[in-house]
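Novice: Sequence and predicted structure, then a few things I'm wondering about:
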Amino acid sequence: MKSDVEELMPRLLPVELKDIKDELDLKGPPRNPQEYMRQVQLEASKCPDVMIAQIDPKKLTKRQTVYASVPSCHIAPKGFSPSLRWQQKQVSTFSDVRQSITKNRTHWGTQPLEGNVIMPSVSDEEGWKRFCLGEKFCLGSCSDADADPDAELDYSQVGFPPFLSIVSRLNQSAVLGVLEILINWFEEKDFIPQLGKWLYALLACLEKPLIPEAHSSIRQLARRCAHLRTTLESQDDEKLPALNLLICLVARYFEQSDLADQPEADN
């Protein structure tokens, strides 16, 4: 009759052990596969079915503290956080945009691109920076205020807008890849409107439920926006609404509630 242990853990490679104890030299290497299996089985037969760890109870009497840290957003300075009504409105509008993109993705994805639109390969990080932000901005040679108004239609300089005919051609892997490229660029650079347009469009194309990599990226984005917001000197700064919008979408639409702003009183 088999033991309980044998029933739960049946032998996958049974080997006859009778009359082999005197034949085996456990100190020497096995000379063939059968002898190796015999050595293993013999060693296993000497082990108890259940092993009990020897623990010193005295070591368990001391209090042990476990520290865990979950990065969250910087708290908004007083007067810089949007009202709950504003946040709810932005989430509702964003949801409508996402539904429209989903509904019309096939149509827009088949529309011809302009002759000067050459989309980089997914792995071309520098190419996507130049494509989305333009030569001047992605290379950090000028700020948004320094842009030449006469060159605003020169997309090679100011970046291509996130046209639906462009973003609808990106599959989920490409959406996340470009999003990560732009967020990483944003970590070291200032916020510009062209970046905000692309971030909004890519978030609108990001499918739920999110994969872990997407969770990490959008949380990184919200934290960066919150940090930059703390450096603004005035509530009238033109960057503030865009930063608040991105934080709001990450925290409330994508359900990263620990990153959410405490809403200011509605006016």
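Specialist: That came through fine.

Novice: from here on, contacts and neighbour counts on C-alpha atoms
Specialist: Fine.

Novice: Sort out which residues of stretch 41-49 are buried, please.
Specialist: Using 16 or more other C-alpha atoms under 10 Å as the test for burial, stretch 41-49 gives 41, 42.

Novice: mean confidence score for that stretch?
Specialist: Mean pLDDT, stretch 41-49: 71.

Novice: Can you dump the C-alpha atoms of it in CSV for me?
Specialist: What follows is stretch 41-49, C-alpha atoms only, in CSV (Å, rounded to 0.1, in the frame of the first residue of the first chain):
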residue,chain,number,x,y,z
GLN,A,41,16.7,7.0,-5.4
LEU,A,42,18.9,5.6,-2.6
GLU,A,43,19.6,9.0,-1.3
ALA,A,44,15.9,10.0,-1.5
SER,A,45,14.9,6.9,0.4
LYS,A,46,17.1,8.1,3.4
CYS,A,47,15.3,11.4,3.6
PRO,A,48,12.2,11.9,5.9
ASP,A,49,8.9,12.6,4.2
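
Novice: That stretch: how far from the chain's middle?
Specialist: Centroid separation between stretch 41-49 and its chain, computed with C-alpha atoms, centre = their mean, to the nearest Å, is 47 Å.

Novice: can you check stretch 35-48 too?
Specialist: With C-alpha atoms, centre = their mean, you get 48 Å for stretch 35-48.

Novice: and the longest helix seen in the chain, what other elements does it pack with?
Specialist: Looking across the chain with DSSP state H, the single longest helix is helix 84-109. Helix 84-109 is packed against helix 164-167, helix 193-205, helix 240-248, with contacts defined by 3 or more C-alpha pairs under 8 Å, 6 or more residues apart in numbering; DSSP states H and E.

Novice: For the shortest one, buried residues please.
Specialist: In other words, helix 164-167. 164, 165, 166, 167.

Novice: same deal with the last one?
Specialist: By neighbour count with 16+ other C-alpha under 10 Å, helix 240-248 contains the buried residues 240, 241, 242, 243, 244, 245, 246, 247, 248.

Novice: Average pLDDT for it, rounded please.
Specialist: 96.

Novice: Equivalent analysis for the longest one, please.
Specialist: Here helix 193-205 scores 96 as its mean pLDDT.

Novice: what does the one helix or strand residue 221 maps to contact?
Specialist: Secondary-structure assignment from DSSP states H and E places residue 221 in helix 212-229. Under the contact criterion C-alpha atoms under 8 Å, 6 or more residues apart in numbering, helix 212-229 has outside partners 72-76, 80, 176, 179-180, 183, 186-187, 240, 243-244, 246-247, 250-251, 256, 259.

Novice: ok, residue 122 - contacts?
Specialist: Counting by C-alpha under 8 Å, 6+ apart, the residues that residue 122 touches are 174, 177, 178.

Novice: distance of it from residue 262?
Specialist: Residue 122 sits 37 Å away from residue 262, going by C-alpha to C-alpha, to the nearest Å.

Novice: related to what we said a few turns ago, return the alpha-carbon coordinates of the helix holding residue 221 using PDB.
Specialist: Output in PDB follows, covering the C-alpha atoms of helix 212-229 (Å, rounded to 0.1, in the frame of the first residue of the first chain):
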ATOM      1  CA  PRO A 212       2.100  46.500 -16.300                       C
ATOM      2  CA  GLU A 213       4.400  48.500 -18.600                       C
ATOM      3  CA  ALA A 214       1.600  50.900 -19.400                       C
ATOM      4  CA  HIS A 215       0.800  51.400 -15.700                       C
ATOM      5  CA  SER A 216       4.400  52.200 -14.900                       C
ATOM      6  CA  SER A 217       4.600  54.700 -17.800                       C
ATOM      7  CA  ILE A 218       1.500  56.700 -17.100                       C
ATOM      8  CA  ARG A 219       2.300  56.900 -13.400                       C
ATOM      9  CA  GLN A 220       5.700  58.200 -14.300                       C
ATOM     10  CA  LEU A 221       3.900  60.800 -16.500                       C
ATOM     11  CA  ALA A 222       1.600  61.900 -13.700                       C
ATOM     12  CA  ARG A 223       4.500  62.300 -11.200                       C
ATOM     13  CA  ARG A 224       6.500  64.300 -13.600                       C
ATOM     14  CA  CYS A 225       3.600  66.700 -14.300                       C
ATOM     15  CA  ALA A 226       2.900  67.100 -10.600                       C
ATOM     16  CA  HIS A 227       6.600  67.800  -9.900                       C
ATOM     17  CA  LEU A 228       6.700  70.400 -12.700                       C
ATOM     18  CA  ARG A 229       3.500  72.000 -11.400                       C
END
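
Novice: Nothing else from me, thank you.
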